[in-house]
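Asks: Provided below for reference: sequence and predicted model.
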Amino acid sequence: MKHMKTVLILEHTEEVFDKLTCDVCGAESHWDENWGSKEHEKIITTLNLEEEESFPNGGQSTLTQYHICPPCFKNHLAKWMESHRNSAPTVSKSVW
Ligand SMILES: [Zn+2]
């Protein structure tokens with residue numbers, strides 16, 4: 001006997017992460033937002049503007065991001081920042 005049952009099959013589309021590319025040179029990251037090339041490496045670059053307003057009945061936020069690979073961060077963004085108003089980055093290091 002052939003038994004049949006009714007199943008619910010949902011057909012939908014969903015935005016899922018595909019790849020991250022540098023907004024300057026177009027390079028692709030290897031691991032999501034990690035630009036490291038080896039499994040033990042973690043190289044994250046961020047350039048974000050977060051704007052948020054909170055009120056008693058709600059709020060709103062806007063996040064503007066540039067994704068930039070480490071070479072473009074060092075060779076373009078950092079050099080541009082340093083050449084304008086002599087700005088310097090905040091550098092923090094840790095060892096474990
Ligand atoms: Zn780049």
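Replies: Noted; the coordinates are in hand.

Asks: quick one: low-confidence parts of the chain?
Replies: Applying pLDDT under 70 to the chain picks out no residues at all.

Asks: Close to the ion: what parts of it are there?
Replies: Residues of the chain found near the ion (C-beta under 5 Å from the ion) are 22, 24-25, 27, 69, 72. Quick note: C-beta positions are derived from backbone N, CA and C, even for glycine.

Asks: got the CA positions of stretch 57-68 in CSV?
Replies: Backbone C-alpha positions of stretch 57-68 (Å, rounded to 0.1, in the frame of the first residue of the first chain) are rendered in CSV as follows:
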residue,chain,number,x,y,z
ASN,A,57,7.4,55.1,22.6
GLY,A,58,10.1,53.8,20.2
GLY,A,59,13.1,54.9,18.3
GLN,A,60,15.1,54.5,15.2
SER,A,61,18.7,53.8,14.2
THR,A,62,20.8,54.0,11.1
LEU,A,63,24.0,52.0,10.6
THR,A,64,26.2,53.1,7.7
GLN,A,65,29.2,50.9,7.1
TYR,A,66,32.2,50.7,4.7
HIS,A,67,33.8,47.3,4.4
ILE,A,68,37.4,47.7,3.7
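
Asks: And for that stretch, what's in contact with it?
Replies: 20-24, 33, 45-53, 76-77 (C-beta atoms under 8 Å, 6 or more residues apart in numbering).

Asks: In strands only, show me those.
Replies: Residues of these located in strands (DSSP state E): 48-53.

Asks: any idea which of those is closest to residue 96?
Replies: Among these, residue 48 lies closest to residue 96 (C-beta to C-beta), at 25.8 Å.
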